[in-house]
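Asker: Return a 3D structure for these sequence lines:
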Amino acid sequence: MSRKPKKELLKISCWNSDWATPTSKRGKFFIDKFDSDIICLTEGYENLLPKVSYNPIY
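Answerer: Predicted structure coming up:
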């Protein structure tokens, strides 16, 4: 009897930090909810990303 492989989801977020600045209500909400595998940061800087397990690609 063969087993089907478990499907895993890839979580992707896109954050425009010019629209949702880190100190704004929207920005703080996004920062609190970081649990994505991939984060596309537009209008921002790499120091806005979580310090653990994220590597910037330029």
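
Asker: Could you find the closest non-adjacent residue to the residue nearest the centre of the chain?
Answerer: Closest residue to the average C-alpha location of the chain: residue 39 at 3.4 Å, with C-alpha atoms, centre = their mean. Leaving aside its sequence neighbours, residue 39 sits nearest to residue 13 (C-beta to C-beta, 6 or more residues apart in numbering; 4.9 Å). Quick note: C-beta positions are derived from backbone N, CA and C, even for glycine.

Asker: and that neighbour, what does it touch?
Answerer: Residue 13 is in contact with 30, 34, 36, 38, 39, 40, counting by C-beta atoms under 8 Å, 6 or more residues apart in numbering.

Asker: Then residue 45?
Answerer: Contacts of residue 45 (C-beta under 8 Å, 6+ apart): residue 17.

Asker: Give me the distance between it and residue 21.
Answerer: Here residue 45 is placed at a distance of 12 Å from residue 21 (C-beta to C-beta, to the nearest Å).

Asker: quick one: buried residues of stretch 20-33?
Answerer: The neighbour-count check on stretch 20-33 (16 or more other C-beta atoms under 10 Å) flags 20, 27, 30, 31 as buried.

Asker: Pull the contacting residues for the first one.
Answerer: Same thing as residue 20. 26, 27, 29, 30.
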